[in-house]
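Enquirer: just the structure for this:
(one chain, ligands or ions: 1)
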Amino acid sequence: MNRRRILIMLLFFLVLLPVVFAINTNCGEAQTQPSKLDWNALDEEALGYFRTYLQFDTTNPPSNTAQAMAYIKAILDKEGIENETFESKLGMVSLVAKIRGPGGKKPLLLMSHADVVPAIASNWFHSPFGADIDEGFVWARGAIDNKAHGIMALMTLLAIKRQNILLRRGVEMMINPDEEAGGANGAQWMAANHWDAFDPAYAINEGGEGEPGWLGNKNITFLVAVSEKRVFWLHLTVNGHAGHGSVPRPDNPNLILVNALHRLIERQPDWRITPIFAEAMESVAATQSFPPSFELDHLSWPFMADLAVKGILRPYDIRALMHDTISLTMLNSGYKVNVVPSEATAAIDCRLLPGTDSDMFLRHVRDLLDDDRITIDVLQKPDEAEPSPTSGEAWDAIKDVVARDFKGSSVVPWMTTGGTDSRFLREHGVPSYGFVPIILPPSEIERVHGDNERLSIENLNRGIRATYDLTMEICGAKQ
Ligand SMILES: [Zn+2]
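Expert: Okay, the predicted model is just below:
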């Protein structure tokens with residue numbers, strides 16, 4: 001071998017090999033570090049998807065999500081993101097999409113629902129399914145509840161896929177129908193029939209956002225749902241004798257029912273301060289002056305809850321979290337003014353705190369009604385889901401993202417008065433958190449299930465960013 005050939009070989013090893021190696025590792029191989037994203041372009045793209053998604057009328061009933069899910073599926077297919085749809089009943093379609101991580105580690109689930117409650121168009125400034133942009137808001141039924149969260153999950157998956165990021169934990173999104181009717185044909189059906197299709201380590205769902213001025217707090221408070229009140233619906237029936245309205249009788253079914261309901265409603269169940277509520281109030285106490293600070297710190301002391309509900313805990317939606325509640329929601333009887341009907345019925349919406357024994361509660365209701373002529377039928381039994389922990393990887397990640405993306409805001413573990421699909425995951429032991437990273441004052445929250453629901457484009461953008469950040473915190477490679 002002459003010196004010239006040795007020189008050429010040396011040159012090859014020193015210069016060309018590293019170049020060839022670099023080309024190989026950058027071609028099609030996953031990245032551990034995300035490249036810089038063009039957030040402006042992503043936001044603009046998301047706004048287009050959001051508006052089209054809102055324009056599908058997915059009113060529940062009938063909760064037909066087939067076309068809306070076909071639309072989201074087409075976006076995922078175009079990006080090459082693995083996905084699958086499931087149909088529980090005609091038109092009730094769920095969608096699961098995923099970017100896999102290493103085997104053996106369960107993924108993070110970003111969950112939302114596509115169905116919406118009905119909207120009376122004549123009460124709205126804009127068409128409920130027009131998704132018009134006005135005053136910096138997108139106006140549509142479902143803008144907050146809960147289509148925006150679906151778009152935040154979608155954009156997160158798109159951003160991860162496009163950057164080809166190597167995950168240490170997979171991420172998936174699931175969108176369900178039927179949440180607004182209890183989820184029997186949506187998340188509950190998926191959990192019962194297709195658990196293996198998503199089987200997550202943690203779930204992030206609706207149920208909590210950032211609220212300015214909550215309980216007098218100057219900063220924004222993120223109420224992150226770790227639990228919810230449990231639905232217990234009862235139907236009451238009294239049968240008696242029909243008769244002439246001109247002859248009052250004490251066995252008139254209306255009288256029996258009204259008197260019994262009066263005994264029941266007059267006395268709501270006692271206060272019971274759950275550990276979740278106590279923890280939340282202790283964190284609020286630190287932001288208050290005396291005496292509310294003392295009251296909130298000692299809510300389990302006798303009479304302290306009575307004092308607090310006259311002051312700082314006056315709002316009804318907060319009181320509802322301090323006891324099992326009974327709401328009289330339906331009364332049905334009679335068909336003519338001069339006829340005593342043979343039947344009178346009522347429905348009562350009870351919501352139980354975590355830990356309340358439903359059999360004991362039913363006995364309590366029966367005792368208060370105190371009339372054997374009343375038949376009680378259980379319309380829906382409460383779930384037995386345990387609250388999710390306020391510690392661990394997912395909880396810590398939520399706190400980190402709020403600290404980073406919403407500087408000066410606090411995180412409070414919370415319980416919702418209404419039910420969400422999270423309970424079907426908690427029943428499987430999956431820590432599930434109600435956390436949509438947007439900021440909503442009460443005046444905007446009131447529009448949910450009301451008229452003129454809307455979401456600001458600013459909120460949509462910050463929600464996408466924070467959902468992505470949260471996902472990277474839980475699923476991305478450690479720095
Ligand atoms: Zn919802």
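Enquirer: is there a neighbour count for the residue lying closest to Leu234 once chain neighbours are set aside? I'd like the number.
Expert: For Leu234, ignoring the flanking residues on the chain, the nearest one in space by C-beta to C-beta, 6 or more residues apart in numbering is Ile348 at 5.0 Å. All C-beta atoms are positioned from the backbone trio N, CA, C, and that covers glycine. By the criterion of other C-beta atoms under 10 Å, Ile348 has 22 neighbours.
Enquirer: what do you get for Arg267?
Expert: The local packing of Arg267 (other C-beta under 10 Å) involves 10 other residues.
Enquirer: hey, where'd the strands end up in the stretch 1-150 of the chain?
Expert: 82-89, 92-99, 108-113, 132-134, 137-139 (DSSP state E, counting those that start in this stretch).
Enquirer: tell me what the first one is packed against?
Expert: Packed against strand 82-89 by the contact rule (3 or more C-beta pairs under 8 Å, 6 or more residues apart in numbering; DSSP states H and E) you find helix 66-79, strand 92-99, helix 187-193.
Enquirer: tell me the contacts of the residue in the stretch 201-350 of the chain that the ion sits nearest to?
Expert: Among all residues of the stretch 201-350 of the chain, Glu206 sits closest to the ion, at 4.9 Å; criterion: C-beta to the ion. Going by C-beta atoms under 8 Å, 6 or more residues apart in numbering, Glu206 touches Ser112, His113, Asp145, Asn146, His149, Thr420, Gly434, Val436.
Enquirer: go again with 10 Å.
Expert: 111-113, 144-146, 148-150, 179, 225, 416, 420-422, 434-436, 448 (C-beta atoms under 10 Å, 6 or more residues apart in numbering).
Enquirer: and this protein, which residues reach the ion?
Expert: Proximity of the chain to the ion, by C-beta under 5 Å from the ion, involves residues Asp145, Asn146, Glu206.
Enquirer: 8 Å instead?
Expert: His113, Asp145, Asn146, Glu179, Glu180, Glu206, Thr420, Val448 (C-beta under 8 Å from the ion).
Enquirer: who wins for most neighbours among the residues you listed?
Expert: Of all the residues of the chain next to the ion, His113 has the most neighbours under the rule other C-beta under 10 Å, reaching 30 neighbours.
Enquirer: now that residue: closest residue in space that isn't a chain neighbour?
Expert: Glu179 (3.6 Å).
Enquirer: confidence score at the one you found?
Expert: pLDDT, Glu179: 97.
Enquirer: with Leu379 instead?
Expert: Confidence score, pLDDT, at Leu379: 94.
Enquirer: what do you get for Asn24?
Expert: pLDDT, Asn24: 42.
Enquirer: tell me the domain ranges of this structure?
Expert: The record, using automatic domain parsing to delimit domains, assigns the chain the ranges 39-206+436-475, 229-380.
Enquirer: walking through the stretch 151-300 of the chain, point out its helices one by one.
Expert: For the stretch 151-300 of the chain, the helices defined by DSSP state H, counting those that start in this stretch occupy 187-193, 253-266, 275-285, 292-297.
Enquirer: on that earlier part again, if I pick the residue nearest to His113, what's in contact with it?
Expert: Glu179 neighbours (C-beta under 10 Å, 6+ apart): 60, 63, 111-117, 145-146, 185-188, 205-206, 419-421.
Enquirer: one more pass at 7 Å, please.
Expert: Applying C-beta atoms under 7 Å, 6 or more residues apart in numbering, we find Glu179 in contact with His113, Asp115, Gly186, Ala187, Asp421.
Enquirer: what's the closest of those residues to the ion?
Expert: Distance to the ion, by C-beta to the ion, is smallest for His113 among the contacts of Glu179, at 5.7 Å.
Enquirer: where does the chain have low pLDDT?
Expert: Along the chain, the model assigns pLDDT under 70 to residues 1-35, 478-479.
Enquirer: the longest helix in it is where?
Expert: Longest helix of the chain, by residue count under DSSP state H: helix 457-475.
Enquirer: and stretch 134-148, how far apart are its ends?
Expert: The first and final residues of stretch 134-148 sit 17 Å from each other (C-alpha to C-alpha, to the nearest Å).
Enquirer: got it, and stretch 453-462?
Expert: 18 Å.
Enquirer: and that stretch, which residues are buried?
Expert: Within stretch 453-462, the residues that count as buried by 16 or more other C-beta atoms under 10 Å are Glu453, Arg454, Leu455, Ser456, Ile457, Asn459, Leu460, Asn461, Arg462.
Enquirer: in the stretch 301-450 of the chain, what residue lies closest to the ion?
Expert: Thr420 (6.5 Å).
Enquirer: quick check: that residue touching Gly434?
Expert: Yes: the pair Thr420 / Gly434 is scored as a contact, 6.3 Å apart, by C-beta atoms under 7 Å.
Enquirer: list residues touching both of these two?
Expert: Shared contacts of Thr420 and Gly434, defined by C-beta under 7 Å, 6+ apart, comprise Asn205, Glu206, Gly207.
Enquirer: specify which member of those residues is nearest to Arg51.
Expert: Of all those, Glu206 has the smallest distance to Arg51: 19.8 Å, by C-beta to C-beta.
Enquirer: with adjacent residues omitted, what lies nearest to the closest one?
Expert: Excluding the flanking residues, the one nearest Glu206 by C-beta to C-beta, 6+ apart is Asn146, at 4.7 Å.
Enquirer: just Ile438 next, same as before
Expert: Of all residues not flanking Ile438 in the chain, Asn459 sits nearest, at 4.2 Å (C-beta to C-beta, 6+ apart).
Enquirer: tell me which of the strands of the stretch 1-150 of the chain sits most buried.
Expert: Highest mean neighbour count of those: strand 108-113, a mean of 26 (counted as mean count of other C-beta atoms under 10 Å).
Enquirer: within the sheet, what are the partner strands of it, with directions?
Expert: Each strand paired with strand 108-113, and its direction, by DSSP bridges: strand 171-176 (parallel), strand 202-205 (parallel).
Enquirer: relative to the whole chain's centre, how far out is it?
Expert: Centre-to-centre, strand 108-113 and its host chain are 9 Å apart (C-alpha atoms, centre = their mean, to the nearest Å).
Enquirer: now do stretch 89-102
Expert: In terms of C-alpha atoms, centre = their mean, the centre of stretch 89-102 is set 17 Å apart from its chain centre.
Enquirer: burial check on Thr274, number of neighbours?
Expert: Residues contacting Thr274 under the criterion other C-beta under 10 Å number 18.
Enquirer: do Ile75 as well
Expert: Ile75: 19 neighbours (other C-beta under 10 Å).
Enquirer: tell me the contacts of it?
Expert: Tyr49, Leu154.
Enquirer: so what pairs up with Val339 in the strands?
Expert: His244.
Enquirer: quick check: it touching Gly245?
Expert: Yes: contact criterion C-beta under 7 Å: Val339 and Gly245 qualify, at 5.9 Å.
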